[in-house]
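Participant: pasting a predicted model and its sequence here:
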Amino acid sequence: MSVTKSSALMLSGLLLLLTIELSFTSSVTLNWFVMLVSALYLLSMKKWFGLFGLVFFPLIPALGTYWSVYLYGNNPDYGLVLVSRTFAFAAIGMVFAFGVDLEELLLILEQKKLPAPFVYGILVVLHAMPVIQREIVALREASLFRGKKLHFYSPLMYLKVIFVANHWRDSYTEAMFSRGFDEEGERTHYTQYKVCPKSLATLGVLTVISQFILIIT
């Protein structure tokens, strides 16, 4: 048995807390704080696409929201709240996408008593995605040999993928049971996930600061 230190669960919990708080509060300061910390985090991890997405993905929706509030709203200052909130939500999404290993998070939750069939069902889908992508490429190439080009909006392509996925469902089920998977049985874990003390301290400080900003604003 091996022990692995992970901050995936704590980071996901903090992101969830901030998402709920930002949805029901109007603190511009907290919104920009979340965006700044997220940008520094992505910068430290050298996730350049995440930084690009944090800045440019919410740009048009944010400008559109502000312009709409400015023209038709009674309080233009509320437009700044919505703009900063849009960027804050984008920042949270980028941090989750690039900072949290989804497979690791699911395995941690399974060790925290989340139902194993639910966890392993999602893991099957995650591991099947590359295979599905290759199948889509094969379908497009086969259609080109027949003189027909399939686009991403072609219903026929989605229909074929659904049939292929339905065929794989039984294969994956048989494979899981052949490996000893039992929905009702007790499971042991080769890898035990523990909270990283350094990450816990850092996330704890960020949580305290964010709550302080929320209180004073």
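Facilitator: On my side now, so go ahead.
Participant: residue ranges for the helices of the chain, please.
Facilitator: 8-24, 28-44, 48-56, 59-72, 76-99, 102-111, 116-145, 155-178, 197-216 (DSSP state H).
Participant: give me the buried positions along the longest one.
Facilitator: Spelled out, it's helix 116-145. 116, 119-120, 123, 135-136, 139-140, 143 (16 or more other C-beta atoms under 10 Å). In short, each C-beta sits where N, CA and C put it, glycine included.
Participant: okay, the helices of the chain in CSV with distance to residue 186 and mean pLDDT next?
Facilitator: Shown next, in CSV, are the helices of the chain (distance: least, C-beta to C-beta, whole Å; pLDDT from 0 to 100):
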stretch, distance to residue 186, mean pLDDT
helix 8-24, 22, 91
helix 28-44, 37, 93
helix 48-56, 39, 91
helix 59-72, 47, 85
helix 76-99, 31, 90
helix 102-111, 12, 88
helix 116-145, 10, 80
helix 155-178, 16, 74
helix 197-216, 28, 89
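Participant: just put these in TSV and tack on distance to residue 188.
Facilitator: As requested, these are exported to TSV (distance: least, C-beta to C-beta, whole Å):
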stretch	distance to residue 188
helix 8-24	20
helix 28-44	34
helix 48-56	36
helix 59-72	47
helix 76-99	29
helix 102-111	10
helix 116-145	12
helix 155-178	16
helix 197-216	25
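Participant: just tell me which of those ends up closest to residue 189.
Facilitator: Proximity to residue 189, assessed across the helices of the chain by C-beta to C-beta, is greatest for helix 102-111 (5.9 Å).
Participant: by contact count, what packs against that closest one?
Facilitator: helix 8-24, helix 116-145, strand 191-195 (3 or more C-beta pairs under 8 Å, 6 or more residues apart in numbering; DSSP states H and E).
Participant: mind redoing it with 10 Å?
Facilitator: strand 2-6, helix 8-24, helix 116-145, strand 191-195 (3 or more C-beta pairs under 10 Å, 6 or more residues apart in numbering; DSSP states H and E).
Participant: how about those, which one is nearest residue 71?
Facilitator: Ranked by C-beta to C-beta, the member of the helices and strands packed on helix 102-111 that lies closest to residue 71 is helix 8-24, at 24.3 Å.
Participant: show me which residues of the closest one are buried.
Facilitator: 8-12, 14-15, 18, 22.
Participant: can you check stretch 196-205 too?
Facilitator: For stretch 196-205, using 16+ other C-beta under 10 Å, the buried residues are 196, 203.
Participant: ok now it, how far from the chain's centre?
Facilitator: Centroid separation for stretch 196-205 versus its chain: 21 Å, with C-alpha atoms, centre = their mean, to the nearest Å.
Participant: now do stretch 39-49: everything it contacts.
Facilitator: 11, 50-55, 87, 91, 94-95, 97-99, 202, 206 (C-beta atoms under 10 Å, 6 or more residues apart in numbering).
Participant: most neighbours out of the residues you listed, which is it?
Facilitator: residue 91 (29 neighbours; other C-beta atoms under 10 Å).
Participant: from residue 10, how far out is it?
Facilitator: Noted for residue 91: a distance of 18 Å to residue 10, by C-beta to C-beta, to the nearest Å.
Participant: same question for residue 22.
Facilitator: 19 Å.
Participant: again with residue 145
Facilitator: Counting by C-beta to C-beta, the gap from residue 145 to residue 10 is 51 Å.
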